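J.: curious how this folds, go ahead:
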Amino acid sequence: MPVTGNNSTTEISIQVSLGGFSFDRSPWIGSEKLFTTPEFQRRYSSVSISLLTPKVALVPEPFFNPSKAREALEEVVALAPGDSVEYVPVPSLASVLVYSNTIGESLSKVLSNTVLPTSGEPVKVLPEMYYLLMELDSITEYNKIVASWADGWLHLVIAQGKSLSLCNTFEAPDFTTAEYFIFLAMKRLQLNPEVSTVCFRTPLSPEAEMSLYRYFKSVSRL
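T.: This is a model prediction of the structure:
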């Protein structure tokens, strides 16, 4: 939950899926609660809004051409003619994340214009994958496994030390399938889950969390 106080910094982090939203580690909340959520009736020093779009591609800086951003994304995901394409730098990885937020929802745009920072300027909605990549620096373990799961898609980032090993999305209609892709990726990278912590940014059901605990050293909610 946001930190409040007369002189303290206040922050809020919101994740948006096709089915609703989550903020500051809350369970998923339906879009009908948008205008009755008390935490959205104030301003914050820092606001971040992520959209769980599977339409993402990480491109190394030397190979990125802004004029060909759409082509770069179309190499890895299917885009409709009307899909908008944007990009955001990821300096810590010397890369650029190319993405499309066109996934058939409008909730993220409404939230961007509703939950405002103290400046009053709406924040840019960025893909969930961007925030997964940003979490890598905060994880002290050598094996860094960061994931989100919603709307039938697993968003997965794996790094070893300072080296990024995987950044991808996988179609996973249920959590068992999401686990399968996590374990498949770790097997290919020769990582042992028994000595690793898996970190999730999206809410986990008690059943999903217990299932992960059967294999991993620890399960963390970022």
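J.: just the pLDDT for residue 2.
T.: Model confidence at residue 2, given as pLDDT, is 44.
J.: correction: the previous question concerned residue 29.
T.: For residue 29, the pLDDT comes out at 97.
J.: what's the spacing between it and residue 86?
T.: Summarising the geometry, the distance separating residue 29 from residue 86, computed by Cβ to Cβ, to the nearest Å, is 26 Å. C-beta: built from backbone N, CA, C; applies to glycine.
J.: which residues touch the residue nearest to residue 118 when sequence neighbours are not counted?
T.: Nearest-residue entry for residue 118: residue 43, 5.1 Å, with adjacent residues in sequence omitted and distances by Cβ to Cβ, 6 or more residues apart in numbering. If a contact means Cβ atoms under 8 Å, 6 or more residues apart in numbering, then residue 43 has 116, 117, 118, 120 as its contacts.
J.: determine the longest helix present in this protein.
T.: Across the chain, the longest stretch assigned as helix under DSSP state H is helix 175-188.
J.: just checking: what are the partner strands of the helix or strand just after it?
T.: The helix or strand immediately downstream of helix 175-188 is strand 197-200, counting by DSSP states H and E. Each strand that strand 197-200 pairs with, and the sense of that pairing, follows from DSSP bridges: strand 143-150 (parallel), strand 218-221 (parallel).
J.: and residue 35, which of the three is it?
T.: Here residue 35 is recorded as helix under DSSP: H, G, I helix; E, B strand; the rest coil.
J.: ditto for residue 208
T.: Secondary structure state of residue 208, per three-state DSSP, is helix.
J.: ok, the closest residue in space to it that isn't next to it in sequence - contacts?
T.: Nearest residue to residue 208 in three dimensions, chain neighbours excluded: residue 175, at 4.8 Å (Cβ to Cβ, 6+ apart). For residue 175, the set of contacting residues under the criterion of Cβ under 8 Å, 6+ apart consists of 149, 205, 207, 208, 211.
J.: greatest separation within those residues: which pair is it?
T.: 149 and 207 (13.0 Å; Cβ to Cβ).
J.: looking at these two, which has the bigger crowd around it?
T.: The residue with more neighbours, out of residue 149 and residue 207, is residue 149; 26 against 9, by other Cβ atoms under 10 Å.
J.: list the contacts for the residue sitting nearest the centre point of the chain?
T.: Centroid-nearest residue in the chain: residue 128, 2.4 Å away (criterion: Cα atoms, centre = their mean). Residues in contact with residue 128, defined by Cβ under 8 Å, 6+ apart, are 15, 50, 51, 52, 53, 148, 155, 201, 202.
J.: equivalent analysis for residue 93, please.
T.: If you count contacts by Cβ under 8 Å, 6+ apart, residue 93 has them with 58, 133, 164.
J.: of those, which belong to strands?
T.: Using DSSP state E, the members of those that fall within strands are 58, 164.
J.: filter the contacts of residue 93 down to the buried ones.
T.: For the contacts of residue 93, a burial check counting by 16 or more other Cβ atoms under 10 Å picks out 58, 133, 164.
J.: of the residues you listed, just say which sits nearest to residue 19.
T.: Relative to residue 19, and with distances defined as Cβ to Cβ, the nearest of those is residue 133, at 23.7 Å.
J.: great, nothing more from me.
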